[in-house]
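Peer 1: sequence unknown, structure follows:
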């Protein structure tokens, strides 16, 4: 049952069949979202542990550089300035 879904993704059109690059498949993002944040087992090869470290490093940098969203309530500057004594 689940194999058929994987095969259809493999033969999907151009942007959806890619596993890397600028466009990721929406099915891959939740799968890989949590596993590299866990501690890598010590019995894994060195190159796998380094991959864990690199993914974790990029995730931490993205979290640090993430800006909070802007407020949605826009205020009219002329109304704000009219309340002051200078306008």
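Peer 2: Received the coordinates, thanks. Please read all numbers here as calculations on a predicted model, not as lab measurements.
Peer 1: Identify each buried residue in whichever helix in the chain runs longest, please.
Peer 2: As assigned by DSSP state H, the longest helix anywhere in the chain is helix 46-65. Neighbour-count burial for helix 46-65, counted by 16 or more other CB atoms under 10 Å, picks out residue 52. C-betas here are computed from N, CA, C, even on glycine.
Peer 1: Just give me how far that helix sits from the chain centre.
Peer 2: Distance, stretch centre to chain centre, for helix 46-65: 13 Å (CA atoms, centre = their mean, to the nearest Å).
Peer 1: for stretch 70-82, same thing?
Peer 2: Worked out by CA atoms, centre = their mean, stretch 70-82 lies 32 Å from the chain centre.
Peer 1: Residues in contact with that stretch: which ones?
Peer 2: Stretch 70-82 is contacted by residues residue 87 when judged by CB atoms under 8 Å, 6 or more residues apart in numbering.
Peer 1: Span of it from start to end?
Peer 2: In stretch 70-82, first residue to last residue: 24 Å (CA to CA, to the nearest Å).
Peer 1: For that stretch, the averaged confidence score.
Peer 2: If you average the pLDDT over stretch 70-82, you get 82.
Peer 1: Make 11 the starting number, not 1.
Peer 2: With 11 as the first residue, the last one maps to stretch 80-92.
Peer 1: Report the secondary structure element holding residue 79.
Peer 2: Under DSSP states H and E, no helix or strand contains residue 79.
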